[in-house]
Every structure is written in structure tokens, then in C-alpha cells.
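Enquirer: Below are the sequence and a predicted model for it; my questions follow.
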Amino acid sequence: MQQQRDKDLKEQQTENKIPGEQSAGERVAEDAENIIEEAQEEVGAARRPWYQTRRWGLLLLAVYGIFLALFGLLAVWVAYNPVLGIDVTITHAFQENQSPWLRYTMIAASYIGNVSALSLGLIILAAVLFWIVDLRLEAIMVVVVSATSSLLNWLIKLIVARPRPSASLVEIIQAAGGQSFPSGHVMSYVAFWGLLFSLGVILFRGKHWWRTALLIVSALFVVLVGPSRIYLGDHWATDVLGAYLIGGLLLGLSLWIYPFLRGRGVLVPTGKRASHFHQKYVRRPANGRP
């Protein structure tokens with residue numbers, strides 16, 4: 001009889017329990033689980049990534065120095081030797097295959113850089129999207145890095161003053177004006193798409209379809225734009241190489257500075273407008289102090 005009464009009492013308590021209400025034990029267990037999860041995230045955030053340690057930071061600076069030295073030597077070389085036999089040979093090798101699919105692929109890879117309004121629109125769109133999700137530092141970086149790349153390209157072209165390939169030496173599939181060294185397309189693509197790829201790796205977490213798409217598309221543009229400029233007859237191979245060197249240097253320096261700014265809370269998100277997005281998709285900043 002006592003067992004039956006205990007059973008009936010338990011059933012009555014269960015029936016009288018408000019839906020969604022948790023017992024004290026369940027709440028304590030859930031709170032403890034949340035605290036542990038937050039502590040693990042804090043530990044992970046406090047562990048500085050490899051590119052922020054002093055040793056690797058000095059190594060990266062050495063690599064950037066090598067990039068700058070190589071670019072300087074290349075710039076001087078092409079300034080005094082506007083037409084190089086190796087450039088002509090490489091362009092002929094690239095243009096040997098005239099398959100329609102390859103031609104259309106090369107034209108498509110360069111198309112964004114040919115339309116100034118489209119290039120500018122993509123930069124603004126990316127900056128706006130970052131700003132909407134309360135990633136203000138990243139939004140400003142997209143604009144600043146792209147603008148710096150454009151200004152640097154204009155200045156170097158003015159100094160080196162190398163003419164573009166001529167129709168007497170190679171086939172000009174898509175004519176372009178201005179000077180040749182370094183390739184403006186390559187520099188702008190490395191600055192914009194290279195930065196988006198890097199932020200996709202560093203900033204976002206998880207295997208979400210949009211992150212995967214961002215990484216694939218941005219990587220393809222950076223890789224294909226160089227060969228496309230040679231194939232279309234707009235640039236020599238040394239123009240493309242120089243652009244990858246100086247563009248990679250600019251991007252590398254930007255990414256070297258970025259984690260320190262983010263770790264110190266520069267333009268840190270303040271509102272709750274995109275808090276759910278940050279909790280689900282964005283990595284916590286690591287401590288940027290040396």
C-alpha cells in the first residue's frame with residue numbers, strides 16, 4: 001500500500017509540473033555545463049595562434065623582407081628590360097591551347113577586374129555585410145587593404161613605366177591600357193579575395209556551406225587571375241609574378257597586424273544585433289599581447 005501511495009504521489013507531481021519547468025538539479029547541471037563550455041572557450045581564446053608568437057612573428061617578417069627584396073630586384077630588371085625572352089616564351093606556351101572552354105575560363109577569371117563598378121561594388125558589399133554582423137574591424141580592413149593595393153599599384157606602375165605586351169610579339173586576346181608592371185588585376189584580387197579567404201580561415205568556424213563556398217570561390221579567383229592575364233595577352237609573366245609578390249606582402253602585413261588589433265578589442269562588437277551570429281560562427285579573439 002505504501003509503495004502504491006508513493007507511486008500515485010510521484011505521478012501527481014509529474015502531472016502538476018509546469019511544461020518546460022526544470023528541477024533544481026537539472027538547472028544546476030545545465031549551468032555547470034555552460035560554465036565549463038565558457039571556460040574551455042576562454043582557454044582556447046587565451047592560447048595565442050602560431051602567427052602571433054614572437055618566434056613565428058620574426059620569421060614572417062623575414063619572409064616579408066625576402067618578398068620585398070625579390071620584388072625590388074624584379075622591378076629594376078623589367079624597368080631596364082621591358083621585353084624579356086622568357087616572358088615571350090611563357091606567353092606563347094600559355095596561348096598554345098586555344099580551346100573555347102579555356103578561353104572562356106580565362107576571360108571569366110579577369111572579368112571582375114575589367115569592370116571598375118563591379119569591383120567597387122563587391123568591396124562595398126563585403127564591407128557592408130561585415131558591418132551588418134557587427135564585424136566593424138573586418139569591414140574597415142576590406143576597404144583599407146583594397147584601397148592601399150590600388151594606390152600602391154598606381155604608384156609602382158608610374159615609377160617602372162613598363163609597356164604592355166605588343167601584338168607583334170604575342171596574341172592580344174583582350175586589350176588593356178596603361179602600364180604593365182605589376183598586374184593591377186592580380187594585386188586587387190590578392191587584396192580583396194585573398195583577404196576574404198584569410199578571414200574565412202581565421203575568423204569563422206564550423207563547416208558551414210557559405211564558409212566553404214567563400215573559401216573555394218576566393219581561392220579560385222586568386223589562383224586563376226594570374227594565368228588569365230598572361231593568356232589574354234594583357235601582361236607578361238614577370239608582371240604577374242611581381243603582383244603576387246607585392247600583393248602577398250601587403251596582404252601578409254595586414255594579416256600580421258589584424259590579430260593584434262582584434263585581440264586588443266579595436267572596434268570590438270558592442271551591440272546584441274548579431275550576438276547569435278557571433279556565438280555560432282565567429283571565433284573568439286585571442287590575446288594579442290606579445
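Expert: Received it, and whenever you're ready, just let me know what you need.

Enquirer: For Leu174, give me its contacts.
Expert: Wrong residue type there; residue 174 is Gln, not Leu. Going by CB atoms under 8 Å, 6 or more residues apart in numbering, Gln174 touches Ile107, Ser110, Asn114, Leu232, Gly233, Asp234. Every C-beta, even on glycine, is put in place using the N, C-alpha and C of the backbone.

Enquirer: ok, of the residues you listed, which come out buried?
Expert: Burial by neighbour count, 16 or more other CB atoms under 10 Å: within the contacts of Gln174 this picks out Ser110, Leu232, Gly233, Asp234.

Enquirer: Quick check: the gap between the third one and Leu151.
Expert: Read it as Gly233. Using CB to CB, to the nearest Å, Gly233 is found at 26 Å from Leu151.

Enquirer: Check Ala237 too.
Expert: 24 Å.

Enquirer: which two from the buried ones among the contacts of Gln174 end up farthest apart in space?
Expert: Ser110 and Gly233 (11.2 Å; CB to CB).

Enquirer: Just the helices from the stretch 51-200 of the chain, written as ranges.
Expert: For the stretch 51-200 of the chain, applying DSSP state H, counting those that start in this stretch gives helices covering 54-80, 85-95, 100-114, 116-132, 136-160, 184-202.

Enquirer: quick one, which of the ones you listed is packed in tightest?
Expert: helix 184-202 (a mean of 23; mean count of other CB atoms under 10 Å).

Enquirer: Show me what it packs onto, helices and strands only.
Expert: For helix 184-202, the packing partners by 3 or more CB pairs under 8 Å, 6 or more residues apart in numbering; DSSP states H and E come out as helix 100-114, helix 116-132, helix 136-160, helix 209-231, helix 237-263.

Enquirer: Tell me how far it lies from the chain's centre.
Expert: 5 Å (CA atoms, centre = their mean, to the nearest Å).

Enquirer: Over to stretch 196-215?
Expert: 9 Å.

Enquirer: Quick one: mean pLDDT for stretch 151-168?
Expert: Mean pLDDT, stretch 151-168: 93.

Enquirer: oh sorry, the question was meant for stretch 242-250
Expert: Here the average pLDDT along stretch 242-250 is 94.

Enquirer: Show me the contact partners of it.
Expert: Contacts for stretch 242-250 (CB under 8 Å, 6+ apart): 64, 67-68, 70-71, 74-75, 78, 145, 148-149, 152-153, 156, 181-187, 189-191, 194, 226.

Enquirer: if we go to 6 Å?
Expert: 64, 67-68, 70-71, 74, 149, 181-183, 186-187, 190 (CB atoms under 6 Å, 6 or more residues apart in numbering).

Enquirer: Which residue is the nearest non-sequential neighbour of Pro82?
Expert: Arg162 (5.2 Å; CB to CB, 6 or more residues apart in numbering).

Enquirer: swap that for Arg103, sorry
Expert: Ile173 (7.1 Å).

Enquirer: Check the burial of the one you found by counting its neighbours.
Expert: 15 (other CB atoms under 10 Å).

Enquirer: Also the one 4 residues further on?
Expert: A total of 6 residues lie near Gly177 under the criterion other CB under 10 Å.

Enquirer: for it, phi and psi?
Expert: Torsion angles at Gly177 (phi, psi; degrees, to the nearest 10) stand at phi -100, psi 180.

Enquirer: just to revisit the earlier point, the residue nearest to Arg103 is in contact with Gly233, isn't it?
Expert: Yes: using CB atoms under 6 Å, Ile173 is in contact with Gly233, at 5.3 Å.

Enquirer: how close does Arg264 get to Glu138?
Expert: For Arg264, the distance to Glu138 - CB to CB - is 15 Å.

Enquirer: Which two of the contacts of Gln174 have the greatest separation?
Expert: Farthest apart among those - using CB to CB - are Asn114 and Gly233, which lie 13.7 Å from each other.

Enquirer: can you list contacts of stretch 185-202?
Expert: Under CB under 6 Å, 6+ apart, the answer for stretch 185-202 is 110, 113, 138, 145-146, 149, 153, 211, 214-215, 218-219, 221-222, 225-226, 229, 240, 243-244, 247, 251, 255.

Enquirer: Domain ranges for this structure, per the record?
Expert: Listed domain ranges for the chain are 19-48, 52-281 (source: automatic domain parsing).
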